[in-house]
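**Student:** Return a 3D structure for these sequence lines:
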Amino acid sequence: MIEPQLWHPVIASNQVRDQPVACTLLGQALVLWRDQASDASHVHAWADRCPHRGARLSLGRVLIGLHGTRLECPYHGWQYGGDGGCRHVPAAPDFVPPASHGATVFEAREQHGLVWVRLQAPSQPLVASLADPPAFAPGDDPAWRAVLCGPYELNTSAPRLVENFLDLSHFGFVHEGWLGERGHAQVQTGAVEEGEAGLVVRDALAWQPRAYASAQAGAWVAYRYDVPHPFAAILRKDATEGDPVSNAIALFIRPDGHERCTAWFVMATRGDSSTDQELIAFQDAVFAQDRPVVESQSPRALPVGRTAPVSEVHGPADRVSSAYRRHLKRLGIELGTC
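**Tutor:** Got it, this is the predicted structure:
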């Protein structure tokens with residue numbers, strides 16, 4: 001499977017502070033903890049298991065002392081340094097632990113207000129868009145303001161949620177009065193391209209009565225989608241000429257199983273007068289409209305023609321979702337598909 005070789009978000013960065021935190025990714029129990037040994041505190045992601053007697057390291061504590069920052073096991077107090085190596089065994093203080101006594105260490109990074117983890121090094125070079133956590137340029141531009149929304153836990157697969165995010169034609173029915181109107185249900189799906197950057201959708205259009213949190217009137221909104229990762233998607237939308245507001249939203253998903261996932265949205269805006277809390281409330285409201293419909297879809301795994309128990313028919317407005325399904329199949333994504 002390719003999924004363990006990809007970067008996945010696991011938790012919001014601000015949830016990892018001065019003590020260890022437990023988390024799970026692709027069935028792997030993780031302990032996340034922050035190394036305070038340097039000015040730029042670094043987040044570590046290890047297997048949540050002490051190699052001595054198998055206790056959960058997330059039940060331990062972070063120690064800061066003359067020898068730097070260490071993670072202490074709750075059972076026998078074994079101490080581990082930032083590289084995972086065992087540094088001290090209290091019951092035998094003169095013992096020098098060999099490398100075999102170290103914790104299992106995974107790659108971890110912080111980006112977009114989230115901690116990202118990769119469980120396996122790629123067995124062969126990945127395409128450029130998959131080598132690192134997905135980029136989200138607007139959130140890094142000082143002219144833009146970004147806010148993290150979530151987490152949202154769902155009883156559906158990560159691919160189902162991405163496909164919903166890419167689907168313009170549900171706006172007039174699921175988000176009527178907000179992102180769409182029944183009387184303006186027609187959409188332009190735009191042009192779809194697949195390459196080293198993943199999927200890119202350009203020149204898509206949809207009518208929206210309230211395209212963003214502080215919008216006062218309806219407008220045709222131009223959409224551009226980027227799908228750099230099988231479980232992530234980014235949209236940039238701009239209203240009619242003369243509107244000073246621009247918005248970009250990134251969807252980042254942690255797959256929690258074949259039919260479960262946890263999602264975060266990073267909302268970036270330029271020119272929107274809404275407060276951060278108003279932006280979060282807007283996203284919460286929109287997502288609350290999506291949730292019951294997405295969780296009702298059967299099967300919860302996205303049918304890509306691999307082992308699908310049922311088939312789904314397609315319409316002209318489904319060009320983007322059809323391209324996404326083909327993209328997943330070419331990548332060899334199994335988790336959350338059938």
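**Student:** Give me the neighbour count for Asp35.
**Tutor:** 19 (other C-beta atoms under 10 Å). Heads up, the C-betas are built off the backbone N, CA and C, glycines and all.
**Student:** Have a look at the protein and report the helix or strand with the lowest mean pLDDT.
**Tutor:** helix 137-140 (a mean of 65; mean pLDDT, DSSP states H and E).
**Student:** Check the offset of the following helix or strand past that helix from the chain's centre.
**Tutor:** Using DSSP states H and E, the helix or strand that directly follows helix 137-140 along the chain is strand 145-154. Here strand 145-154 is found 9 Å from its chain centre; the criterion is C-alpha atoms, centre = their mean, to the nearest Å.
**Student:** Check stretch 30-39 too.
**Tutor:** Taking C-alpha atoms, centre = their mean, the mean C-alpha location of stretch 30-39 is offset from the chain mean by 21 Å.
**Student:** per-residue confidence averaged over that stretch?
**Tutor:** Per-residue pLDDT over stretch 30-39 has a mean of 83.
**Student:** Stretch 43-57 now?
**Tutor:** Model confidence over stretch 43-57, given as mean pLDDT, is 98.
**Student:** That one: which residues count as buried?
**Tutor:** Counting neighbours by 16 or more other C-beta atoms under 10 Å, one finds that the buried residues in stretch 43-57 are 43-52, 55-57.
**Student:** Over to stretch 275-287?
**Tutor:** For stretch 275-287, by 16+ other C-beta under 10 Å, it's Leu279, Ile280, Phe282, Gln283, Val286, Phe287.
**Student:** of all those, which comes closest to Phe173?
**Tutor:** Checking the buried residues of stretch 275-287 against Phe173 with C-beta to C-beta, the nearest one is Val286 at 13.5 Å.
**Student:** got a list of what that closest one touches?
**Tutor:** Applying C-beta atoms under 8 Å, 6 or more residues apart in numbering to Val286 gives the contacts His175, Trp178, Leu179.
**Student:** ok, back up a step: can I get the buried residues of stretch 43-57 in TSV with distance to Ala137 and secondary structure?
**Tutor:** Below are the buried residues of stretch 43-57 laid out as TSV (distance: C-beta to C-beta, whole Å; DSSP: H, G, I helix; E, B strand; the rest coil):
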residue	distance to Ala137	secondary structure
Val43	23	strand
His44	28	strand
Ala45	25	strand
Trp46	31	strand
Ala47	34	strand
Asp48	34	coil
Arg49	38	coil
Cys50	41	coil
Pro51	41	coil
His52	45	coil
Ala55	43	coil
Arg56	38	coil
Leu57	36	helix
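**Student:** which one of the residues you listed is nearest Pro255?
**Tutor:** Nearest to Pro255 among the buried residues of stretch 43-57: Ala45, at 16.0 Å, using C-beta to C-beta.
**Student:** is Val270 in a bridge, and if so with what?
**Tutor:** Heads up, residue 270 is Arg, not Val. Ser246 (DSSP bridges).
**Student:** Output the longest helix belonging to this protein.
**Tutor:** helix 276-296 (DSSP state H).
**Student:** Could you measure from Ser41 over to Val147?
**Tutor:** 22 Å (C-beta to C-beta, to the nearest Å).
**Student:** Show me which of these two is the more surrounded one.
**Tutor:** The residue with more neighbours, out of Ser41 and Val147, is Val147; 19 against 14, by other C-beta under 10 Å.
**Student:** In contact with the more buried one, which residues are there?
**Tutor:** Shown in contact with Val147 (C-beta under 8 Å, 6+ apart): Val266, Met267, Asp276, Leu279, Ile280.
**Student:** confidence score at it?
**Tutor:** Per-residue pLDDT puts Val147 at 95.
**Student:** Now it. Nearest residue, chain neighbours left out?
**Tutor:** Among residues not flanking Val147 along the chain, Asp276 sits closest, at 4.7 Å (C-beta to C-beta, 6 or more residues apart in numbering).
**Student:** For the one you found, give its distance to Val200.
**Tutor:** 29 Å.
**Student:** Of all pairs in the contacts of Val147, which one is the farthest apart?
**Tutor:** Val266 and Asp276 (12.0 Å).
**Student:** circling back to that earlier point, using JSON lines, please lay out the buried residues of stretch 275-287 together with pLDDT and distance to Ala99.
**Tutor:** Formatted as JSON lines, the buried residues of stretch 275-287 follow (pLDDT from 0 to 100; distance: C-beta to C-beta, whole Å):
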{"residue": "Leu279", "pLDDT": "92", "distance to Ala99": "48"}
{"residue": "Ile280", "pLDDT": "95", "distance to Ala99": "45"}
{"residue": "Phe282", "pLDDT": "90", "distance to Ala99": "51"}
{"residue": "Gln283", "pLDDT": "94", "distance to Ala99": "46"}
{"residue": "Val286", "pLDDT": "93", "distance to Ala99": "50"}
{"residue": "Phe287", "pLDDT": "96", "distance to Ala99": "46"}
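**Student:** and which of those is nearest to Val187?
**Tutor:** Among the buried residues of stretch 275-287, Val286 lies closest to Val187 (C-beta to C-beta), at 17.0 Å.
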